[in-house]
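Asker: sequence and predicted structure, then a few things I'm wondering about:
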Amino acid sequence: MSIFKACDIRGVAGSELDDQLARKIGRALGIMAVRSGSTSVLLAGDFRRSTPALKDAVCAGLLESGAVVLDAGQVPTPVAYFTAVRRQCASVAIVTASHNAGRYNGVKFMVAGQPAVPELIGQLQASLDVSPDRTAAALAPAAPPGHCRGRSAILHGSLPGRVEPVNSLAEYESAVRAEAAELVGGDAHAPSPPAPLPRRERGVPGGQPPTIARRLTVVVDAMGGVFSEIAPRVLDAAGCRVIPLRCRIDPDFSRYDPNPAVDANLAGLVDRVATERADFGIALDGDGDRVGLVDSAGRIVRPEQVGALLVQQCFSRPLVVYDLKCASVLAEAVRAARGTLLMQPSGHGFIKSMMIRCHADLGVEVSGHYFYRVLAGGDDGLFTALVVAHLVARSGLSQTELIEPIGWPAVTPHLRLPLPGEAAEILERIAAHCGGEVSRLDGVRAEYQDGWALARISITEPLITLRFEARQRSELPEVARRFLKSAPELSKQVVEMIR
């Protein structure tokens, strides 16, 4: 499969993504940014073992394009985007494989304020072999840790761009606390004005941001990723009693994948929350833009439930962008708040693009991304954790008591099955015969009076992904049969799995 995905670049480091290709990617991104009017590109990376060399290569390519590189070093993805906004830098390149296993790496990016979506990915691929007017000599061998080696070449005049180190971590730590407190403690129930997205330039003029209303015990599972040191420090400063779990950076993710969307990866967090009798637990993914939550009863809280809680507690008449895989509890909460729903394909680039385009208040993706207008449309796992902590403390209830009224429908996990034929033909058959209200936004989604069904083709593997919801668990097989009546080979497998 190609390393050029729908919303980013991702592949096995050293084989699928090597230094030479990373340099081409950096040069292509730089050309695209310069052509769009961006004179600078913010560059950052996570703490994977392969990241420093790949980041250096991307940096060299950016310099070849003539771009000014604002080098933020190795930081969480939300910190990189925060720094870009503060520096008024509309183009960003982050070397990370997010939640993937340690052998992977990749690049997340924005060009001129546009998040990566298929169109932009296509432009990048088309620019890989385009040479700018001036090309670079080889990279100089030495560099300070966490910054690109290209700086030495700049000093000697061998590269057309230049590198400027930037560090906004202290600002971020203060601002993320202030912004979370403001979202929860401000005029939370006033209708959101149709104003442009804020640029996240608020400081903390009155000194330190407010602390959380009552002291909570929170287990923080950084999963060995970029927030390992930062998240405990920020939550402690906000007034929480923090119990760290896997809060030491593991550049190889040697014992686990840093993916909180997989229930098995949260087993340790679930146990620790119960053992410590904590108020709740959080798990942050490898690069820190996603979060998983465990309530005080040791149960995994689903992203749709978190989204519903945010809608209920923080917004009135919100405009909410959501992943088409989301369970119905989120849509029900938005309708109850007299809000507006915008469905999008799965993928952080799709959600973020629509957030920016429509000045939406909130975005929710099933994988644990939460996007906010107050973050310029961006997502930040630690910000969401802080918001939830404020909500729990303010309510006087446990997180379990806050979530229970939202409920959870009869909904399957994502069912991944081998394709029993040609992908496009299978989807066309399903769409033609499934009945209900059909959407072709991403695969086939059918809405029925008693539930809904979804079939998508995986962009990373030769698999079909399915999900079903019904009013009761006993009705799930019937929803599946109705949806898959034109694909009996799939229907039989699915019904056996969910019966």
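Answerer: The structure has been received and is ready for your questions.
Asker: quick check: mean pLDDT of stretch 222-240?
Answerer: Stretch 222-240 comes out with an average pLDDT of 98.
Asker: gap between that stretch and the chain center?
Answerer: Offset of stretch 222-240 from its chain centre (CA atoms, centre = their mean, to the nearest Å): 18 Å.
Asker: output that stretch as PDB, nothing but the C-alphas.
Answerer: Only the C-alpha atoms of stretch 222-240 are listed here, as PDB (Å, rounded to 0.1, in the frame of the first residue of the first chain):
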ATOM      1  CA  ALA A 222       1.200   8.800  28.200                       C
ATOM      2  CA  MET A 223       1.800   5.500  26.400                       C
ATOM      3  CA  GLY A 224       5.500   6.300  26.200                       C
ATOM      4  CA  GLY A 225       4.800   9.200  23.800                       C
ATOM      5  CA  VAL A 226       5.500  12.900  23.500                       C
ATOM      6  CA  PHE A 227       3.400  14.000  26.400                       C
ATOM      7  CA  SER A 228       5.200  11.700  28.900                       C
ATOM      8  CA  GLU A 229       6.700  14.500  30.900                       C
ATOM      9  CA  ILE A 230       4.500  17.400  29.900                       C
ATOM     10  CA  ALA A 231       1.000  16.000  30.600                       C
ATOM     11  CA  PRO A 232       1.700  15.100  34.300                       C
ATOM     12  CA  ARG A 233       3.300  18.500  34.900                       C
ATOM     13  CA  VAL A 234       0.400  20.500  33.300                       C
ATOM     14  CA  LEU A 235      -2.300  18.500  35.200                       C
ATOM     15  CA  ASP A 236      -0.400  18.800  38.400                       C
ATOM     16  CA  ALA A 237      -0.200  22.600  37.900                       C
ATOM     17  CA  ALA A 238      -3.900  22.700  37.200                       C
ATOM     18  CA  GLY A 239      -4.600  21.200  40.700                       C
ATOM     19  CA  CYS A 240      -4.900  17.400  40.000                       C
END
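Asker: any buried residues in that stretch, and which?
Answerer: For stretch 222-240, burial by neighbour count (16 or more other CB atoms under 10 Å) applies to 222-228, 230-232, 234-235, 238-240. Heads up, the C-betas are built off the backbone N, CA and C, glycines and all.
Asker: let me know the closest of those to residue 215.
Answerer: Checking the buried residues of stretch 222-240 against residue 215 by CB to CB gives residue 239 as the nearest, at 5.9 Å.
Asker: so where does that closest one fall, helix or strand?
Answerer: Taking DSSP states H and E as the definition, one finds residue 239 inside no helix or strand.
Asker: pretty sure it contacts residue 211?
Answerer: Yes: between residue 239 and residue 211 there is a contact at 3.5 Å, judged by CB atoms under 8 Å.
Asker: what about this protein, any weak spots by pLDDT?
Answerer: 1, 132-159, 186-207, 459-460 (pLDDT under 70).
Asker: just flag the most distant two among the buried residues of stretch 222-240.
Answerer: 224 and 239 (25.7 Å).
Asker: ramachandran angles for the nearest residue to residue 456 once chain neighbours are set aside?
Answerer: Sequence neighbours aside, residue 443 is the residue nearest to residue 456 in space, at 3.4 Å (criterion: CB to CB, 6 or more residues apart in numbering). When read as degrees, to the nearest 10, the backbone of residue 443 gives phi 80, psi -130.
Asker: likewise for residue 486?
Answerer: The phi/psi pair for residue 486 (degrees, to the nearest 10) reads phi -90, psi 0.
Asker: so who does it touch?
Answerer: Contact analysis of residue 486 by CB atoms under 8 Å, 6 or more residues apart in numbering lists 429, 430, 432, 433, 434.
Asker: any idea which element residue 430 lies in?
Answerer: Secondary structure (DSSP H and E) places residue 430 in helix 423-433.
Asker: burial of residue 129, as a residue count?
Answerer: 9 (other CB atoms under 10 Å).
Asker: I'd say residue 431 and residue 440 touch.
Answerer: Yes: counting by CB under 8 Å, residue 440 is a contact partner of residue 431 at 6.5 Å.
Asker: these two - which one has more neighbours?
Answerer: Between residue 431 and residue 440, counted using other CB under 10 Å, the more crowded position is residue 431 (17 against 10).
Asker: name the nearest residue to the more buried one, sequence neighbours excluded.
Answerer: Spatially, and ignoring its direct neighbours in sequence, residue 431 is nearest to residue 444 (4.6 Å; CB to CB, 6+ apart).
Asker: quick one: that neighbour from residue 491, how far?
Answerer: From residue 444 across to residue 491, the span is 14 Å (CB to CB, to the nearest Å).
Asker: quick one: the strands in the stretch 251-400 of the chain?
Answerer: Assigned by DSSP state E, counting those that start in this stretch, the stretch 251-400 of the chain shows strands spanning 280-284, 291-294, 300-301, 319-323, 340-344, 362-364, 370-372.
Asker: most tightly packed of these?
Answerer: When those are scored by mean count of other CB atoms under 10 Å, the highest mean neighbour count falls to strand 280-284 (a mean of 29).
Asker: and that one, what does it pack onto?
Answerer: If contacts are counted by 3 or more CB pairs under 8 Å, 6 or more residues apart in numbering; DSSP states H and E, strand 280-284 sits against strand 217-221, helix 267-276, strand 291-294, helix 381-395.
Asker: redo that, cut-off 10 Å
Answerer: Strand 280-284 is packed against strand 217-221, helix 230-237, strand 241-245, helix 267-276, strand 291-294, strand 300-301, helix 381-395, helix 399-403, with contacts defined by 3 or more CB pairs under 10 Å, 6 or more residues apart in numbering; DSSP states H and E.
Asker: could you pull out the helices for the stretch 101-250 of the chain?
Answerer: 118-127, 150-155, 169-185, 230-237 (DSSP state H, counting those that start in this stretch).
Asker: show me what the longest one is packed up against.
Answerer: Under the contact criterion of 3+ CB pairs under 10 Å, 6+ apart, the helices and strands touching helix 169-185 comprise helix 77-86, helix 230-237, helix 303-314, strand 370-372, helix 381-395.
Asker: gap between that helix and the chain center?
Answerer: Relative to the centre of its chain, helix 169-185 is centred 19 Å away, using CA atoms, centre = their mean.
Asker: how many other residues sit next to the residue nearest to residue 431?
Answerer: If we define neighbours as other CB under 10 Å, then residue 444 has 23 of them.
Asker: residue contacts, it?
Answerer: Neighbouring residues of residue 444 by CB atoms under 10 Å, 6 or more residues apart in numbering: 426-432, 434, 438, 453-457, 466, 483.
Asker: narrow those to those that are buried.
Answerer: 426-427, 429-431, 434, 453-457, 466, 483.
Asker: domain parsing for the chain?
Answerer: 9-167, 170-199+216-406, 410-498 (automatic domain parsing).
Asker: present those domains as CSV; the columns should include distance to residue 3.
Answerer: Formatted as CSV, the domains of the chain follow (distance: least, CB to CB, whole Å):
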stretch, distance to residue 3
domain 9-167, 3
domain 170-199+216-406, 15
domain 410-498, 10
